[in-house]
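S.K.: Quick check, what structure comes out for this input:
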Amino acid sequence: MDLDILTVNLWGLPWPLTRERHARKRRFTEHLARRAYDLVGIQELWWPWRRTLALASLALPRTRRDSGLALAGRLPVRDELRVRHFRHGGGVDRLKRKGALRASVEMPSGDLLSVCVAHLQAGRRYAAVRARQLRQLLDPLLVERRPVALMGDFNFHDECEEDRRSAEHLRSAGFADAALELAQAEPTYHSESNAYLRSRHRAHRFDRVYLRDGGGLRLRPLETEVMHLRPRPVSDHHPLRVRVRVSG
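M.R.: Numbers count the residues shown, from 1 in each chain. Take a look at the predicted model:
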């Protein structure tokens, strides 16, 4: 059994912080109409922009605090979406309550997969904040017995020692970085391939998918792809697609 997973930060802040927001949203929904993903983890789908995202499968958490997180795709959600907002934040990120969304989805086999969509603090100088957010994110996942797909915008800077420690923390907790497992670690936030990035010489692998076995099931990445959508991107982040083999 194979699963097709996509994670995407939709760059949903209002103008003038972003550009072509409604045109990008339209291109994103058109892309999803052409591609039948099993799971789509979405970040920066801020209110009220999310009201007009034309996705029949869109699942949103019931919360008064706007996390910008959502889930879509072919796999049915089998319990209520829950958001755990981060206690720590810094800079402009404190204008929104970032966090981690959790849900259980049913795979074609009938087994349940635990899904977590996360959006961590942005900015290289906030690596210590990301480390605290990651510990909060992991607390409920460490006791999860089902297999877990953890995806989102982690904002890790590979050149930053604190972020490298955070990535190692994930690995030691049993979460395998799909791109590293396949030696396909390409940047998803790349000024040379994304016209929306005004600053040059930016190449970061912010968007990631982590997999952990559980419940007698193994999750193995078969393929990763940074989606350079043409002719115009849907965000300042390129979406990341991962094809996963689920076996007993």
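S.K.: Please state the mean pLDDT value computed over stretch 94-107.
M.R.: Stretch 94-107 comes out with an average pLDDT of 90.
S.K.: Off-centre distance for that stretch?
M.R.: For stretch 94-107, the separation from the chain centroid amounts to 9 Å (computed by Cα atoms, centre = their mean, to the nearest Å).
S.K.: could I get stretch 210-220 in PDB with only the CA atoms?
M.R.: Output in PDB follows, covering the C-alpha atoms of stretch 210-220 (Å, rounded to 0.1, in the frame of the first residue of the first chain):
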ATOM      1  CA  TYR A 210       9.000  12.700   9.000                       C
ATOM      2  CA  LEU A 211       7.800   9.100   9.300                       C
ATOM      3  CA  ARG A 212       7.700   6.800  12.300                       C
ATOM      4  CA  ASP A 213       6.600   3.100  12.400                       C
ATOM      5  CA  GLY A 214       3.900   1.900  14.800                       C
ATOM      6  CA  GLY A 215       1.100  -0.500  15.400                       C
ATOM      7  CA  GLY A 216       2.900  -3.300  13.600                       C
ATOM      8  CA  LEU A 217       3.200  -1.100  10.400                       C
ATOM      9  CA  ARG A 218       6.300   0.200   8.700                       C
ATOM     10  CA  LEU A 219       6.400   3.500   6.800                       C
ATOM     11  CA  ARG A 220       9.100   3.700   4.200                       C
END
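S.K.: which residues sit against it?
M.R.: Residues from elsewhere that reach stretch 210-220 (Cβ atoms under 8 Å, 6 or more residues apart in numbering): 111-112, 114, 141, 144-151, 170, 173-178, 181, 221, 244-248. Every residue, glycine included, has its C-beta placed from N, CA and C.
S.K.: ok, now with 7 Å
M.R.: Residues outside stretch 210-220 that contact it (Cβ atoms under 7 Å, 6 or more residues apart in numbering): 111, 144-150, 170, 174-178, 221, 244-248.
S.K.: Many thanks, I have nothing further to ask.
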